[in-house]
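In: All I have is the shape, not the residue letters:
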């Protein structure tokens, strides 16, 4: 694991900055969120709460209760934007 990676299984809290509507959302739509609490990498470096996260909708599951699959692409750090791979639970 790279030293600046966050260990697999780490839980991070985020808050959506953009409204996502299951009735109008479609795959490929982009959204932004913010980190709700500080996040620490394996090497001890911290990304402060409030930093922006960019993502997109990967899929929309149809049905009575439509579901959105959200993918995260990048996170803002003190050194610019870096890739972020995460799933929503």
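Out: Okay, I see it. Every value quoted in this text rests on a predicted model; they were computed, and no experiment measured them.

In: Relative to the centre of the chain, find the outermost residue for me.
Out: Among the C-alpha atoms of the chain, the one most distant from their mean position (Cα atoms, centre = their mean) is that of residue 64, at 25.6 Å.

In: Once you drop chain neighbours, what's closest to residue 35?
Out: Of all residues beyond its chain neighbours, the one nearest residue 35 is residue 51 (4.8 Å), with distances taken as Cβ to Cβ, 6 or more residues apart in numbering. From N, CA and C alone the C-beta is placed, and that goes for glycine too.

In: Could you tell me how far that neighbour is located from residue 26?
Out: 27 Å (Cβ to Cβ, to the nearest Å).

In: Give me the more crowded residue out of these two.
Out: The residue with more neighbours, out of residue 51 and residue 26, is residue 51; 17 against 9, by other Cβ atoms under 10 Å.

In: Show me what the residue nearest the centre of the chain is bridged to.
Out: Nearest residue to the geometric centre of the chain (Cα atoms, centre = their mean): residue 72, 4.0 Å. Beta-bridge partners for residue 72, by DSSP bridges, are residue 55.

In: Was I right to think the residue nearest to residue 35 contacts residue 80?
Out: No - Residue 51 lies out of contact with residue 80 (Cβ atoms under 8 Å); the separation is 11.1 Å.

In: Which neighbours do the two have in common?
Out: By Cβ atoms under 8 Å, 6 or more residues apart in numbering, residue 51 and residue 80 have no common neighbours.

In: what's next to stretch 26-39, contact-wise?
Out: With contacts defined as Cβ under 8 Å, 6+ apart, stretch 26-39 is touched by 6, 10, 12-18, 20, 46-60, 70, 72, 75.
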